[in-house]
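J.: Sharing a sequence plus its predicted fold:
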Amino acid sequence: MYKPVFQKREVIVFRQFQRKGYSLFACLGREVLISVLSVATLSATKAASISDETWRVDSTKATKEIWLDDVAVTGSRAPLTKSQAARMVTVLSREDIAQAPVQSINDLLKYAVGVDVRQRGSLGSQTDISVRGGTQEQITILLNGINICDPQTGHNVLDLPVQLSEIVRIEVLEGPAGRVYGTSSLVGAINIVTTSMTQQDKGSLDIEAEGGSFGYAKAALVARLGNTHFRHSLSGSYARSDGFSRAASGSLNTDFSGSKAFYQGGYDDEQVHLSWHAGLADKGWGSGTFYASPRWQADDQYEHTTKFFTAIQGENKQGGIHFQPAIYWNQNRDRYEGYRGKPDAMKYNYNRCDVYGLKINSYFDWSFGRTAFGAEVRNEDLVSGNLGEPLSQTHHISGTDRDYTLGVNRTNISAHLEHNILLDRLTLSAGFVAAKSSWSNMNMSIYPGIDASYRLGDRWKAFASYNSSLRLPSFTEMYYKLQGYAADPHLKPEEMQALEGGVLYYSPALEAKATVWHHHGKDMIDWIMDTRLGDLAEWQSVNHTKINSTGVEANVGIDFKHIFCSPLSTLRVSYSYIEQDKDLETGIVSQYALEYLKHKLVANLQVDIWRQLTLGLNLRWQDRTGQYTDFLGETHDYRPFALMDARLNWTADHYTLFAEVNNVLDNRSYVDYGNVPQPGAWLVIGGRWSLRF
């Protein structure tokens, strides 16, 4: 399902374009024929946060000027074509999203072999996302290139305001990405790219409806309108479910309901490109036993979050230096109920976190390559009823008779410099990010990185990199103290250094990629429990002095249409192996850092059954290292398990109908997160209708 981005050294052929730009010709330095844009090319287009570059190229062969999109990827600060990119970026295209048996981005990422998706509830109600053995706090999630991570906690970072149908692609950058996305991307970054509409469309209206097991139902609408210069998109949705389990009292405890709204706009002319968005995601869900422990065997927890997202970005298209400024504000509100609907049994925990950011990236070309430079200022402000230090002035909690009495504020400043050397077959990209935070009087620190790739003939490409990054503790890791939990406000920042190397191969019928990587982590943050303490055992946040991890990833994709006439369309198989050098002492249980996927195998088969009817089969097998404790305090090893998902699609010109089954084999015995039951098989059916005008 996931496609590696790499060089295909053949005559490049285009027929259809959207935005203007000459840079492809200049970057390739070779003849380009105008014909069809392939699906593989579309899957590697640029992120919205890195704009196309426009310049003019003289050609004695051309009878007129031709404008084209530059095909760029986000493996560096400066936009480079996919053929030049020194760092590999995994891209999930719109086509892949449409074929996957999922209703959320959380579920979609399960099929990325390097991504660990630990699902607490069905249909994406809450999920922890990590990369290459890391934790959910150690990756950066971006919406159109804007960092939307919540410094309070990483548990709810994928509560996004957008619909799956609005996503153009999802880009996964594995390994430290501080030089590209900032220092919070300790082990990787995931960039979710949306679009308002294409310039060819004047307007459209999409209506979506689906329903299924566990009382699941969803309705959504996406409207788009635009002209030569302006483009607008507005979407809204509502979803709900009764959940798949009940508390001991018989009440719902894994149910959810919520609404989303998202507006995105854009402006283009010959001088500038502007884009902006505003979104709202409001959801409440039964948290069951999500945060329970042997000392606190609660099975009717509840949580409600409201998230606001705003940003405006721009870029000049003329001049020697290209400036790409952005300003954003994200707000995350959270209400946690230890006992659902019973504030007298445990006071509700309220949090409000505001994140304000201003950043600029710039780049220019000269005789020795392409240089990028810029800076970012990000302020993170939390007011809470449970997290932080006492406030000098309290703030009222809207809709309650209580006040926020605690809080914490920190300002993070970073600056980056990167230079790219582009030769015929060799690309070198090197630079650094310098970071400083007002938290704990942190000094300015520099984290360098270098990426290199070399094209071996027409089909092969070798790549290697060294990168480093930093992450500050989340506010929950520093201050969370409730039943069975004890945080440490004096945690040190995490630091990571990583080496990676690999090779990839491409032909029309076969894609293959192999990667070996090594991470050296210092002061890695985790929650651990000493089960030898019995009833006094509690989860404590700690710094592990160092953790070394080594991993291997392999991906193979076969396109049967290029081999023989067959109903089989494509087959993709991916495998990941991770080994860490740190073992826990007897009786010590890790909640995150030392619980990692040692083995993960993902396979996807697409079959063309009849006319517009297709079948997708997805298999996921994984074996997790680590242990968990049950409510009796007994320790158990995680056991390997396999899950199969299937989806039938009927695709016509103006509508799509589907039926899908997750966990087809109805596996109910697997444990992916300690003390959190998982659902068996569930069915979802639905459709999407599109009107164009």
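T.: Now that the structure is in, tell me what you want to look at. Numbering: from 1, shown residues only.
J.: ranges for the helices of the stretch 151-300 of the chain?
T.: Ranges of helices within the stretch 151-300 of the chain are 178-181, based on DSSP state H, counting those that start in this stretch.
J.: residue ranges of the strands in it, please?
T.: 167-174, 188-194, 203-212, 216-226, 230-241, 256-268, 272-288 (DSSP state E, counting those that start in this stretch).
J.: what's the average pLDDT for the longest one?
T.: pLDDT averaged over strand 272-288 equals 95, rounded to a whole number.
J.: Next SSE downstream of it?
T.: strand 301-316 (DSSP states H and E).
J.: name the helices or strands packed onto that next one?
T.: The contact analysis (3 or more C-beta pairs under 8 Å, 6 or more residues apart in numbering; DSSP states H and E) places strand 301-316 against strand 146-147, strand 272-288, strand 321-337. Placement of C-beta: from N, CA and C, glycine included.
J.: change it to 6 Å
T.: For strand 301-316, the packing partners by 3 or more C-beta pairs under 6 Å, 6 or more residues apart in numbering; DSSP states H and E come out as strand 272-288, strand 321-337.
J.: Between strand 272-288 and it, find me the angle.
T.: Counting by axes from the mean of the first three to the mean of the last three C-alpha atoms, to 10 degrees, strand 301-316 points 170 degrees away from the direction of strand 272-288.
J.: Buried residues in strand 301-316, which are they?
T.: 301-311, 313-316 (16 or more other C-beta atoms under 10 Å).
J.: quick revisit: I'd like the strands of the stretch 151-300 of the chain as TSV, with distance to V589 appended.
T.: Formatted as TSV, these follow (distance: least, C-beta to C-beta, whole Å):
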stretch	distance to V589
strand 167-174	27
strand 188-194	25
strand 203-212	35
strand 216-226	34
strand 230-241	31
strand 256-268	28
strand 272-288	20
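J.: export stretch 225-233 as PDB, just CAs?
T.: Taking Å, rounded to 0.1, in the frame of the first residue of the first chain, the C-alpha atoms of stretch 225-233 are listed here in PDB:
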ATOM      1  CA  LEU A 225     -15.900  26.500  -5.100                       C
ATOM      2  CA  GLY A 226     -13.300  28.400  -7.000                       C
ATOM      3  CA  ASN A 227     -12.300  30.600  -9.900                       C
ATOM      4  CA  THR A 228      -9.000  31.600 -11.600                       C
ATOM      5  CA  HIS A 229      -7.500  33.000  -8.500                       C
ATOM      6  CA  PHE A 230      -9.500  31.900  -5.400                       C
ATOM      7  CA  ARG A 231     -10.400  28.400  -4.200                       C
ATOM      8  CA  HIS A 232     -12.500  27.500  -1.200                       C
ATOM      9  CA  SER A 233     -13.500  24.200   0.500                       C
END
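J.: Count the residues that sit near Q606.
T.: 23 (other C-beta atoms under 10 Å).
J.: Sorry, wrong one. I was asking about E137.
T.: With other C-beta under 10 Å as criterion, E137 counts 28.
J.: Relative to N332, how far out is the residue lying closest to it once chain neighbours are set aside?
T.: Computed as C-beta to C-beta, 6 or more residues apart in numbering, the closest residue to E137 that is not its neighbour in sequence is G154, at 4.3 Å. G154 sits 11 Å away from N332, taking C-beta to C-beta, to the nearest Å as the criterion.
J.: How about A112?
T.: Applying C-beta to C-beta, the value for A112 to N332 is 25 Å.
J.: And stretch 209-219, what's buried?
T.: Those would be 210-214, 216-218, for stretch 209-219 by 16+ other C-beta under 10 Å.
J.: what's the answer for stretch 682-693, then?
T.: 682, 684, 686, 688, 690.
J.: Hmm, the last one is touching D653, no?
T.: No - applying C-beta atoms under 6 Å as the test, S690 and D653 come out as separate, 8.5 Å apart.
J.: In the chain, what helix or strand scores lowest on average pLDDT?
T.: helix 39-42 (a mean of 30; mean pLDDT, DSSP states H and E).
J.: on that earlier part again, could you point out which of the strands of the stretch 151-300 of the chain sits nearest M496?
T.: Across the strands of the stretch 151-300 of the chain, M496 has its closest neighbour in strand 188-194 (10.2 Å, C-beta to C-beta).
J.: my read is S440 is in a helix, agree?
T.: Yes - counting by DSSP: H, G, I helix; E, B strand; the rest coil, S440 is located in a helix.
J.: Which residues outside stretch 652-670 are in contact with it?
T.: With contact meaning C-beta atoms under 6 Å, 6 or more residues apart in numbering, stretch 652-670 is reached by 101, 612, 641, 643-650, 680-690.
J.: and if we set it to 8 Å?
T.: Identification of contacts with stretch 652-670 by C-beta atoms under 8 Å, 6 or more residues apart in numbering yields 98, 101, 107, 122, 612, 639, 641-650, 678-692.
J.: before we move on, back to that, I figured the residue nearest to E137 was touching G134, is that so?
T.: No - applying C-beta atoms under 8 Å as the test, G154 and G134 come out as separate, 10.3 Å apart.
J.: For the two, indicate the residue with more neighbours.
T.: G134 (27 against 24).
J.: give me every residue that touches the more buried one.
T.: Contacts for G134 (C-beta under 8 Å, 6+ apart) come out as 116, 186-188, 593.
J.: Pipe the residues you listed into TSV and attach neighbour count, pLDDT and distance to L617 per row.
T.: Shown next, in TSV, are the contacts of G134 (neighbours: other C-beta atoms under 10 Å; pLDDT from 0 to 100; distance: C-beta to C-beta, whole Å):
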residue	neighbour count	pLDDT	distance to L617
D116	26	91	22
L186	31	91	34
V187	27	91	30
G188	25	91	27
A593	27	69	34
